[in-house]
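Participant: Here's a sequence, model it:
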Amino acid sequence: MKDFSFKKILAFVKKKKPIFITIAIVIAVAIGLSVASSIMGSSRVTVKSEAFRLDEKTALEAGTVSGGGRYRRGETITLKATPNAGYKFVGWTNGDKNKTQASAEAEYTLVVPEKSITLTAIWEQEEYEATLVIDQDINELQHFSYVVTDQTIFLSEPTKAGYTFLGWLGDVEQEDGTVSREKVQDFIEPSEAKSVTLYADWALSYNITYVLDEDVRAANAANPNNPTTYTSRTPVILEAPVCYEQKDGKLTGGWYTFDHWEMDGRVVTEVNTSLKPNVPDTDVEGKSVTLVAKWKDLETAVYHTVSEDGKYVELGHYPSKRLSDRKILSELKAAIEGGLEPDALTGYYTYKNSIYAKATADLYSKPYDDKGKKNSAYYPLYFEDGAMIDEGEEYFFIVEPIKWRVLKGDPKDPNSEVLLLSESVLTAGAFKADSTTLSYQGQNIYGGNWENSDVRAFLNGEFYNAAFKSGEAGFIQKTTVDYSKATINKKYKKKSFSNGASCEDNVYLLSYADLTNEAYGWSKKNNKEEIKRVGKTTDYSKVMGAYSCLNQINAKDPTTKDEYDFTAWWLRSSADFADRASVVTGPGAVGSVSVESKFIGIRPAITVKLG
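Facilitator: Residues are numbered from 1 along each chain as shown. Next comes the predicted model:
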């Protein structure tokens, strides 16, 4: 048997090399001629989409096309246009200037022509209709139409004399194929791409009369959340009314404490037909009730609350959570469009006895840079309820009581001076917009100087006026804020950047010395990351640009491991360079950053006497 070892084969190939090269060239030429012949004998059929009276993006979403490619001339092919929900196929047009119709069939069979062609699938939006049956007894109907790209349609509540509207009913198909009429939501989602018929659900109404002002001091009480009617199907769980203190026609921030509701001398917590069991349900007047509000103390207003353990105080108000209730949001926007004016001092809107702030998202992490280039380091931020925050989008926020952490003093002792730090990072902004060192009367004014900082001006101006009404502000003690070298990191004390004078402030920031004071509950080590020093963002502070980092301390907890709610926050102390100031980092250590950094959180401190 012959030996066909690898070495012998290799030697044979080298010896006959010219022959192999010639064979390879012949094969390559043959293949090339075959491909050229195939191409020369074929045409390209290009297919694309276009939506009638719609933009290019919508055209791409309207449907899908298939069947395009390069084919032999004279070959029979089929193009297919498949509409997405909410769209219908109109026809195929040629690529000429007049866009003449080639076919009205979604599956278009044609013979490949001599020249390449372009065929375009034309789409239109389907129009759907909503039918609202207001009153079946008199056949009162409302109609309106919509298309799949419309925004959510919120339905207004209809009215019917003597009846209470309980909601909308719709025909819902069950698993066994039967259809039952059930309660549905009070809005229509056009994206569901279907027509709907909804039926108003009514019940006979009985009136509820509320007496809030038996005492003249309760004359400005309000009862916004309790309905003025009830039905046999909808008992009313009573909520407490509110009664705010006013002086000289202005709210002071104080309120009076509600005790209970009474009817005919008995305490009432729920209104239902059993309050008058002997009156038939058909007797509307007989089933109606009158409730009287009873107040604990109308002599002394309340301006703050203290937690039972004395560790927290609520005083003042500031924007916090996003307004996510779509119905209230829709009503609020309609009221603003109708002329509802914001408060001249705060810019807040008061609607149905609640207060809302408006802000446009200016996020720390932006999807695109100023030149429109995609930001590779971008990561999305989310509100507390899980909704993603969109850069440049306008949002409304609920103005809520500010929760403060007690660092020093006894809030239950009326004579105790109590040092409070906001529990959350309330907003964000630069320590000073311009870090340039200035000279005044022979003294340098550095960027990290607290006395001349923008954040100090903001806290004692815009923030103070917005957060505290006159009665609330009365508890705040003007504080001598130390800015000496004794309050900064000891390794910076040889530097001369801490040269500002002591200041008299209503609101201020903590110092480096405060953050390493074990009496306040912190670690004395500035480089130690600890949960007690961590500042957590609110919905509002994220929108205002607060830097948000991963919740690393709870990283092992699967419910919080992906939360980006830790943030850095300013201290008033200078740092290692003239243009830097001290901060608490996201994980709770102490460091420094440029004073021009707009994404650092602001966590105010105040000194109060709550007596």
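Participant: What segments of the stretch 501-611 of the chain are helices?
Facilitator: 512-515, 539-543 (DSSP state H, counting those that start in this stretch).
Participant: now do the stretch 201-350 of the chain
Facilitator: 284-287, 326-337.
Participant: Buried residues, the longest one. List them.
Facilitator: Just to be clear, that refers to helix 326-337. For helix 326-337, burial by neighbour count (16 or more other C-beta atoms under 10 Å) applies to 328-330, 332, 336. To be clear about C-beta, it is placed using only N, CA and C from the backbone, and glycine gets the same treatment.
Participant: Name the helix or strand for the closest residue to residue 103 other than its chain neighbours, please.
Facilitator: What sits nearest to residue 103 in space, not counting adjacent residues and going by C-beta to C-beta, 6 or more residues apart in numbering, is residue 92, at 4.6 Å. Here residue 92 sits within strand 87-93, counting by DSSP states H and E.
Participant: What is that strand packed up against?
Facilitator: With contacts taken as 3 or more C-beta pairs under 8 Å, 6 or more residues apart in numbering; DSSP states H and E, strand 87-93 sits against strand 76-83, strand 101-103, strand 117-125.
Participant: Quick one: closest of these to residue 511.
Facilitator: strand 117-125 (61.6 Å; C-beta to C-beta).
Participant: residues touching residue 323, list them.
Facilitator: Contact analysis of residue 323 by C-beta atoms under 8 Å, 6 or more residues apart in numbering lists 329, 332, 356, 395-398.
Participant: Go through those residues and flag which are in helices.
Facilitator: When these are checked against helices (DSSP state H), the matches are 329, 332.
Participant: Residue 165 against residue 158, yeah?
Facilitator: Yes - in this structure, residue 165 is within contact of residue 158 by C-beta atoms under 8 Å, at 5.9 Å.
Participant: joint contacts of those two?
Facilitator: In contact with both residue 165 and residue 158: residue 200, using C-beta under 8 Å, 6+ apart.
Participant: ok so, going back, now do the strand holding residue 92: distance to the chain's middle.
Facilitator: Averaged C-alpha coordinates place strand 87-93 at 38 Å from its chain's average position (C-alpha atoms, centre = their mean, to the nearest Å).
Participant: hmm, who's touching it?
Facilitator: 50-52, 62-63, 79, 81-83, 99-106, 108, 119-126, 148.
Participant: Got a ChimeraX select line for the buried ones in the contacts of residue 323?
Facilitator: The buried residues among the contacts of residue 323 can be selected in ChimeraX (16+ other C-beta under 10 Å) with this line:
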select :329,332,356,395,396,397,398
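Participant: on that earlier part again, dump the helices of the stretch 501-611 of the chain into a markdown table; add distance to residue 599 as well.
Facilitator: Formatted as a markdown table, the helices of the stretch 501-611 of the chain follow (distance: least, C-beta to C-beta, whole Å):
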| stretch | distance to residue 599 |
| --- | --- |
| helix 512-515 | 20 |
| helix 539-543 | 10 |
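Participant: which of those sits most buried?
Facilitator: helix 539-543 (a mean of 27; mean count of other C-beta atoms under 10 Å).
Participant: Over the strand holding residue 92, what's the mean pLDDT, rounded is fine.
Facilitator: Average pLDDT, strand 87-93: 92.
Participant: what does stretch 376-394 give?
Facilitator: The model assigns stretch 376-394 a mean pLDDT of 88.
Participant: So for it, what gets flagged as buried?
Facilitator: For stretch 376-394, by 16+ other C-beta under 10 Å, it's 381-383, 389, 391.
Participant: Kindly indicate which of the residues you listed lies nearest residue 425.
Facilitator: residue 381 (13.6 Å).
Participant: Could you report the neighbour count for the nearest residue to residue 536 once chain neighbours are set aside?
Facilitator: Excluding its sequence neighbours, the residue lying closest to residue 536 (C-beta to C-beta, 6+ apart) is residue 565, at 5.1 Å. When neighbours are defined as other C-beta atoms under 10 Å, residue 565 has 24 of them.
Participant: for residue 231, same thing?
Facilitator: For residue 231, using other C-beta under 10 Å, the count is 20.
Participant: can you tell me which residues contact it?
Facilitator: 164, 166, 203-206.
Participant: which residue ranges form the strands in the stretch 201-350 of the chain?
Facilitator: Secondary structure of the stretch 201-350 of the chain by DSSP state E, counting those that start in this stretch: the strands cover 206-211, 221-222, 229-230, 236-237, 242-247, 250-263, 266-268, 270-271, 289-302, 305-306, 312-322, 349-351.
Participant: And the fifth one, what does it pack against?
Facilitator: When contacts are defined as 3+ C-beta pairs under 8 Å, 6+ apart, strand 242-247 packs onto strand 221-222, strand 250-263, strand 289-302, helix 470-473.
Participant: which of these has the lowest average pLDDT?
Facilitator: Taking the mean pLDDT of each of these, the lowest value is held by strand 221-222, a mean of 76.
Participant: Buried residues, stretch 116-134. List them.
Facilitator: 117, 119-125, 128, 130, 132-134.
Participant: Equivalent analysis for stretch 279-288, please.
Facilitator: Applying a neighbour-count criterion of 16+ other C-beta under 10 Å, one finds 287-288 buried in stretch 279-288.
Participant: Just the residues contacting that stretch, thanks.
Facilitator: The contact list for stretch 279-288, computed with C-beta under 8 Å, 6+ apart, reads 162, 204-209, 232, 273, 276.
Participant: All the strands of the stretch 401-550 of the chain, residue numbers only.
Facilitator: Here the stretch 401-550 of the chain has its strands, by DSSP E, counting those that start in this stretch, at 418-422, 427-428, 438-440, 443-445, 479-481, 503-505, 535-536.
Participant: and these, which is most packed in?
Facilitator: Note that of the strands of the stretch 401-550 of the chain, strand 427-428 is the most buried (mean count of other C-beta under 10 Å), with a mean of 26.
Participant: That one pairs with which strands, and in what direction?
Facilitator: Strand 427-428 has the following strand partners under DSSP bridges: strand 601-602 (antiparallel).
Participant: residues in contact with the strand it pairs with?
Facilitator: Contacts for strand 601-602 (C-beta under 8 Å, 6+ apart): 425-429, 455, 458-459, 463, 509, 535, 537, 541, 546-547, 567-570.
Participant: try 7 Å this time
Facilitator: With contact meaning C-beta atoms under 7 Å, 6 or more residues apart in numbering, strand 601-602 is reached by 425-429, 455, 535, 537, 541, 546, 567-570.
Participant: ditto for stretch 136-143
Facilitator: By C-beta under 7 Å, 6+ apart, the residues outside stretch 136-143 that reach it are 129-134.
Participant: Tell me the buried residues in that stretch?
Facilitator: For stretch 136-143, it's none, nothing buried (16+ other C-beta under 10 Å).
Participant: Give me the distance from that stretch to the chain's centre.
Facilitator: In this view, stretch 136-143 has its centroid 38 Å away from the chain centroid, taken as C-alpha atoms, centre = their mean.
Participant: Kindly report the same for stretch 192-205.
Facilitator: Taking C-alpha atoms, centre = their mean, one finds the center of stretch 192-205 at 30 Å from the center of the full chain.
Participant: same check, this time on stretch 179-187
Facilitator: The answer for stretch 179-187 is 28 Å, by C-alpha atoms, centre = their mean.
Participant: What are the buried residues along it?
Facilitator: For stretch 179-187, burial by neighbour count (16+ other C-beta under 10 Å) applies to residue 184.
Participant: Return the alpha-carbon coordinates of it using CSV.
Facilitator: The C-alpha atoms that make up stretch 179-187 are tabulated as CSV, following Å, rounded to 0.1, in the frame of the first residue of the first chain:
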residue,chain,number,x,y,z
VAL,A,179,-70.4,38.1,27.8
SER,A,180,-71.2,39.9,31.1
ARG,A,181,-71.5,43.6,31.8
GLU,A,182,-68.9,44.7,34.4
LYS,A,183,-67.3,47.8,35.8
VAL,A,184,-64.4,49.1,33.6
GLN,A,185,-61.9,52.0,33.9
ASP,A,186,-62.9,55.6,33.4
PHE,A,187,-60.6,56.1,30.4
